[in-house]
Every structure is written in structure tokens, then in C-alpha cells.
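Visitor: task: produce atomic coordinates for the following.
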Amino acid sequence: MQNVIEIDNLTKNYGKHRGVEEVSFAVGEGDIFGFLGPNGAGKSTTIRSMLGFIRFQSGSIHIFGKDIRKDREEILRKVGYMPSETMFYPAMKVKDMIQMAADVRKKDCRKEAEKLCERLQVDADKRISDLSLGNRKKVGIVCAMQHRPKLFVFDEPTSGLDPLMQSEFFKLIQEYVKEGATCMLSTHVLSEIKSYCRNAAIMKEGKLQCVDSVANLTRTNAKRVKLLRDGRRESYIYEGDLNELLQTLGRQDIEDILIEEPSLDEIFMHFYSREQ
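Guide: Residues are numbered from 1 along each chain as shown. All right, here's what the predicted structure looks like:
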């Protein structure tokens with residue numbers, strides 16, 4: 001499998017403000033790749049560098065085997081990008097905004113745009129100024145998808161979308177990927193990574209923590225222990241030998257106990273605390 005994205009030792013500084021430092025990872029063709037981290041972790045900076053929107057100090061970025069510094073225009077023809085903040089001309093109608101996005105690419109996207117508007121329940125006759133955050137997000141999705149790019153890059157795409165539209169959005173992604181596209185999904189919603197991504201990178205404070213399959217990242221021996229003891233409820237994550245835990249608990253006066261798999265949020269938050 002070929003790599004669609006190759007980032008090697010990317011460093012971008014903003015002076016006093018945190019950027020990213022020595023970030024390296026690759027995204028294989030046909031992957032839905034999760035780019036995970038809390039707000040301020042460096043995800044958007046990495047993406048903007050990756051697409052040539054900002055200049056970086058050192059490192060290299062290749063997309064479709066081409067250098068973003070030398071071949072930006074050629075690369076972006078095959079990319080569909082939606083930023084975390086979707087900004088449109090407020091006085092324009094939705095259909096005119098979608099058409100303008102197609103015209104910029106010099107492509108007839110009317111058939112695909114019509115399909116996307118129907119699937120996402122976009123009212124093309126409304127003005128941008130009359131749309132909620134969620135509906136503006138849907139217009140951004142249509143603009144990013146209508147030209148059927150080979151690479152989708154979405155930065156926090158589902159914030160503001162109701163659960164039904166979130167599900168429909170991921171159905172669309174899966175359909176395009178099945179037809180040969182690749183998707184990079186930047187998010188802090190852990191359940192999206194677990195449900196839809198094959199591989200993921202985790203960012204923290206401008207640095208890459210790890211890159212692995214989602215299956216490996218979520219595999220853990222940790223258990224969530226909930227118990228009632230002396231009239232008090234306790235809850236904690238335990239990572240040691242379960243036999244030792246049971247022996248220890250067996251010597252105590254416990255009124256009730258539950259040992260279960262930790263939630264996805266707990267797995268990653270525990271990961272972050274270990275990496276400090």
C-alpha cells in the first residue's frame with residue numbers, strides 16, 4: 001500500500017506560542033486516519049502546514065509523492081479540505097456558494113453536489129447568514145466532497161452536527177474511501193476514532209505521542225474498579241495483576257464491587273497521564 005501523506009520531522013514555531021515539533025507520520029492509501037488530541041495540541045497547525053497554508057521552519061511534507069512546497073497547486077487539485085471554522089460570504093445563497101466552490105476548481109460538480117445536499121439535508125435556497133453552525137458545517141462538507149477528491153482532510157468536521165447527520169457524514173466518507181479515496185480526520189471525539197478509523201496519531205502539546213492502529217491503541221490490561229466500602233463509593237483505574245487485586249480486595253470489607261473495561265475516554269486520558 002502506497003502512502004498518500006508522508007510527514008517527516010515537521011517543525012513549525014510561532015515564537016512564544018506553541019506550534020509543532022518534529023512531527024513524523026504517514027497515511028496509507030485507502031485509510032481513514034484519525035488525528036487525535038485536545039484543542040491546542042497542534043493538529044490544525046500540522047494540517048495547515050500539510051496543505052501549504054502556512055510555512056514551516058523545518059522538515060518535509062509529501063502528498064501523493066509530491067513536495068507541498070514545490071507542487072502545492074497540483075496537490076490541492078486532488079484534496080478536499082474542510083477547516084474547523086467554516087467561513088462563507090453571509091449574503092450568498094447556499095447553492096451559489098457551492099457553485100462558486102466548484103467554479104474555483106473549474107469542474108462541473110452539480111450532480112455530486114445535488115446528491116450530497118440530499119443526503120445531508122442541506123437547503124440550497126437559504127442564505128448563509130440564516131444557517132445554524134451545524135448547517136454551515138454541512139455546506140462545508142458539500143464544498144469539500146463535491147469534486148470527489150482523492151484525499152479528504154477534515155478538521156473537527158462533526159462539531160455542531162446532530163447525531164443523525166454525523167452518522168450520514170461517516171457513511172459518505174466510507175463510500176468514497178471504498179471507491180479509492182483516503183481520509184484524514186482531525187478530532188478530539190474519541191468515539192469517532194474508535195468507530196471509523198483504522199490507524200491514528202495522537203498529539204499532545206505540539207508533539208507526536210504515538211502512531212499505531214486503533215486496535216493497538218485501545219488494547220489495554222487496565223480495568224475500571226468501582227466499589228462500595230464503609231458506605232463510601234470509590235472508582236479508579238487498575239493496571240496490575242488481577243489476581244493480586246482480588247486478593248487485596250478479598251481482605252477488605254466490601255459491600256459491592258464492579259470490575260469492567262474502561263471507557264475509550266479513560267484509556268486515552270490514562271495514556272496522556274502516562275506520557276507526562
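
Visitor: from here on, just use CA atoms for contacts and neighbour counts.
Guide: Noted.

Visitor: residues contacting stretch 123-134, please?
Guide: 88-95, 117, 136, 159-162 (C-alpha atoms under 8 Å, 6 or more residues apart in numbering).

Visitor: closest to Arg219 out of those residues?
Guide: Distances from Arg219 to those, taken as C-alpha to C-alpha, are shortest for Ser159 (26.9 Å).

Visitor: tell me the secondary structure at that closest one.
Guide: Put simply, Ser159 is coil when judged by DSSP: H, G, I helix; E, B strand; the rest coil.

Visitor: OK, contacts around it?
Guide: Counting by C-alpha under 8 Å, 6+ apart, Ser159 has contacts Gly134.

Visitor: hang on, the earlier thing: most neighbours of all the contacts of stretch 123-134, which one?
Guide: The most crowded member of the contacts of stretch 123-134, judged by other C-alpha atoms under 10 Å, is Val94 (25 neighbours).

Visitor: now the contacts of stretch 123-134 in TSV, with pLDDT, secondary structure and distance to Ser195?
Guide: Converted to TSV, the contacts of stretch 123-134 look like this (pLDDT from 0 to 100; DSSP: H, G, I helix; E, B strand; the rest coil; distance: C-alpha to C-alpha, whole Å):
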residue	pLDDT	secondary structure	distance to Ser195
Phe88	88	coil	31
Tyr89	88	coil	34
Pro90	88	coil	34
Ala91	91	coil	37
Met92	91	coil	36
Lys93	94	strand	34
Val94	93	helix	31
Lys95	94	helix	32
Cys117	95	helix	24
Arg136	92	helix	24
Ser159	83	coil	16
Gly160	84	coil	19
Leu161	88	coil	17
Asp162	90	coil	17
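
Visitor: does the spatially most central residue of the chain count as helix, strand or coil?
Guide: The chain has Ser186 as the residue nearest its centroid, 2.3 Å off, counting by C-alpha atoms, centre = their mean. Assigned with three-state DSSP, Ser186 falls in the strand class.

Visitor: mind listing the helices for the stretch 101-250 of the chain?
Guide: Secondary structure of the stretch 101-250 of the chain, counting by DSSP state H, counting those that start in this stretch: helices at 110-120, 133-145, 163-178, 190-196, 214-217, 242-250.

Visitor: follow-up on the earlier one: put together TSV for the contacts of stretch 123-134, with distance to Asp123 on each row.
Guide: Listed next are these as TSV, based on distance: C-alpha to C-alpha, whole Å:
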residue	distance to Asp123
Phe88	15
Tyr89	16
Pro90	15
Ala91	15
Met92	13
Lys93	10
Val94	7
Lys95	8
Cys117	7
Arg136	11
Ser159	19
Gly160	16
Leu161	15
Asp162	16
